[in-house]
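J.: Give the three-dimensional model of this entry:
(one chain, ligands or ions: 1)
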Amino acid sequence: MESVRVALAERSYDIVIGESLLSRGSLLAKNMTGDRAVLITNDTVAQWYAQPVQTALETQGIAVDLVVLPDGEAHKTLDTVSGIWDALLQKQYGRDVTLIALGGGVVGDMVGLAAALYQRGVKFIQIPTTLLAQVDSSVGGKTGVNHPLGKNMIGAFYQPQGVIIDTAVLQTLPQREISAGLAEVVKYGLIWDAAFFSELETRLTRVDALEPELVAWMIRRACEIKAEVEEMQAKYGKVPGLAAVLVGARKDSQTYVRMKKKACRRLIERLQLPTRYPCSVTPDKLFAAMRLDKKVLRGQLRFILLKAIGKAVISTQASDEHVLSVLSQFKSEQ
Ligand code: NAD
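T.: Got it, this is the predicted structure:
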């Protein structure tokens, strides 16, 4: 088992990474103060992992209620979060309850928001079950839901008590979700750490046969980088953010990537990540969607661009015409 400390003064917490941690009741209990927890997951993840977590907590003398949400980004709404609050109020939970988010980024973001606002804030633990959630969304304290007019437009910053990453859960994760997570991992190397990128190039040879040791190493380094960014942001304000779009954009479960450097292209192709976006999306539509993104500041689009591998800068210099012309080059022909 490995751990990464996110040092944010009184909001500091640990991320622990290892195999089969889900059923370690003592690890879960360590992040709680009271003896009542509500485990919140979705109907896909519940079938494999709700019972082991529930049993592990109960063996520690913790009473657990289960709330199962519908699966999917379409349900990442204030209505669904309101359903969590209904369940908490109906059972008369007080401020001593701990919410446990068991699932991908969608569940994690919603449970974080539910915890941030329930009775002005209760504790919560993240147990991320997708690679993307393990390397990105469960770390950093961003919580939120979608609004009909924009993705993740309603939310709050709220840190968990702890993050428990069980690498064994990736065995049931569909390949496209693994790819989405790997794209994030590669992005960390590109934006932040050239040595990590080159080690990924050497070690990530086959996307369909990821060794547990390799996965744990990748997740640990990604979490360390995200923690470093969080700590720097807390101390110094803005740094080239990892949540920002690099030279591509993740939309639903697809990743569109544009790479000039041969090395990047090689790794990205080896990981079977798409390098073009579907022809059903027009550059205009993509551009309009980018304009609604939270990366827009005072009406200006901000891009994270690479000076070199491992060195990123924030730029607002690109003209609309230039962005549209770049976007049109990466449209798939069929
Ligand atoms: P997701 O939560 O929708 O999970 C993808 C799919 O995998 C779902 O169908 C889910 O039920 C299923 N699943 C999850 N774990 C599984 C497992 N172990 N085995 C089998 N199936 C499993 O998607 P995601 O990619 O994890 O997260 C995307 C969301 O995260 C978006 O809403 C995005 O806005 C958010 N996000 C948040 C942050 C942040 O900093 N808070 C960062 C990046 C993304």
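
J.: contacts, neighbours, all on C-alpha from now
T.: Fine.

J.: For the chain, which residues are neighbours of the ligand?
T.: 44-45, 71-73, 103-107, 109, 129-130, 132-133, 136-137, 142-143, 169-170, 172-173 (CA under 6 Å from any ligand atom).

J.: what do you get if the cut-off is 5 Å, keeping everything else the same?
T.: Contact residues, the chain versus the ligand (CA under 5 Å from any ligand atom): 44, 104-106, 129-130, 133, 137, 142, 169, 172-173.

J.: what's the lowest-pLDDT member of the residues you listed?
T.: Checking pLDDT across the residues of the chain next to the ligand, the minimum falls on Ser137 at 92.

J.: Skip the chain neighbours and tell me the closest residue to that residue.
T.: Spatial nearest neighbour of Ser137, chain neighbours left out: Gly105 (5.6 Å); criterion: CA to CA, 6 or more residues apart in numbering.

J.: Determine the number of other residues adjacent to the one you found.
T.: 24 (other CA atoms under 10 Å).

J.: The one 5 residues further on now?
T.: Met110 is surrounded by 26 other residues when neighbours are defined as other CA under 10 Å.

J.: Which per-residue confidence value corresponds to it?
T.: 98.

J.: The helix or strand containing it packs against which elements?
T.: Met110 belongs to helix 105-117 when assigned by DSSP states H and E. Secondary-structure packing of helix 105-117 (3 or more CA pairs under 8 Å, 6 or more residues apart in numbering; DSSP states H and E): strand 36-42, helix 78-90, strand 98-103, strand 123-128, strand 142-147, strand 150-157.

J.: Need the nearest residue in space to Ser315, chain neighbours excluded.
T.: Nearest non-adjacent residue to Ser315, counting by CA to CA, 6+ apart: Phe303, 5.1 Å away.

J.: Check the offset of stretch 23-30 from the chain's centre.
T.: 22 Å (CA atoms, centre = their mean, to the nearest Å).

J.: Name the surrounding residues that touch that stretch.
T.: 21, 52-53, 55-60, 62, 164 (CA atoms under 8 Å, 6 or more residues apart in numbering).

J.: are any of those buried, and which?
T.: 21, 53, 55-58, 62, 164 (16 or more other CA atoms under 10 Å).

J.: how about the strands in the stretch 151-300 of the chain?
T.: 162-166, 249-251, 254-256 (DSSP state E, counting those that start in this stretch).

J.: quick one: average confidence on the last one?
T.: So that's strand 254-256. In the prediction, strand 254-256 has an average pLDDT of 38.

J.: follow-up on the earlier one: which of the residues of the chain next to the ligand sit farthest apart?
T.: Lys142 and Thr172 (25.7 Å; CA to CA).

J.: Low-confidence regions, the stretch 151-300 of the chain specifically.
T.: For the stretch 151-300 of the chain, the stretches with pLDDT under 70 are 235-261, 294.

J.: ok, the spatially closest residue to Met1 that is not a sequence neighbour - contacts?
T.: For Met1, ignoring the flanking residues on the chain, the nearest one in space by CA to CA, 6+ apart is Gly18 at 4.6 Å. By CA under 8 Å, 6+ apart, Gly18 lies in contact with 1-2, 165-167, 216.

J.: Just the CA atoms from stretch 284-303 would do, formatted as CSV, please.
T.: What follows is stretch 284-303 as a C-alpha-only set of coordinates in CSV (Å, rounded to 0.1, in the frame of the first residue of the first chain):
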residue,chain,number,x,y,z
ASP,A,284,-18.3,25.5,-35.1
LYS,A,285,-20.1,23.2,-32.7
LEU,A,286,-16.9,22.3,-30.9
PHE,A,287,-15.9,25.9,-30.7
ALA,A,288,-19.3,26.9,-29.2
ALA,A,289,-19.0,24.1,-26.6
MET,A,290,-15.5,25.4,-25.7
ARG,A,291,-16.9,28.8,-25.2
LEU,A,292,-19.2,27.4,-22.5
ASP,A,293,-16.4,25.7,-20.6
LYS,A,294,-15.2,26.9,-17.2
LYS,A,295,-11.8,27.6,-18.8
VAL,A,296,-13.3,30.8,-20.3
LEU,A,297,-12.3,33.8,-18.3
ARG,A,298,-13.8,37.3,-18.9
GLY,A,299,-15.1,36.0,-22.2
GLN,A,300,-11.7,34.9,-23.3
LEU,A,301,-10.8,31.3,-24.1
ARG,A,302,-7.6,30.1,-22.3
PHE,A,303,-5.5,27.3,-23.7
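
J.: before we move on, the earlier item: in strands, which of the buried ones among the contacts of stretch 23-30 fall?
T.: Ile164 (DSSP state E).
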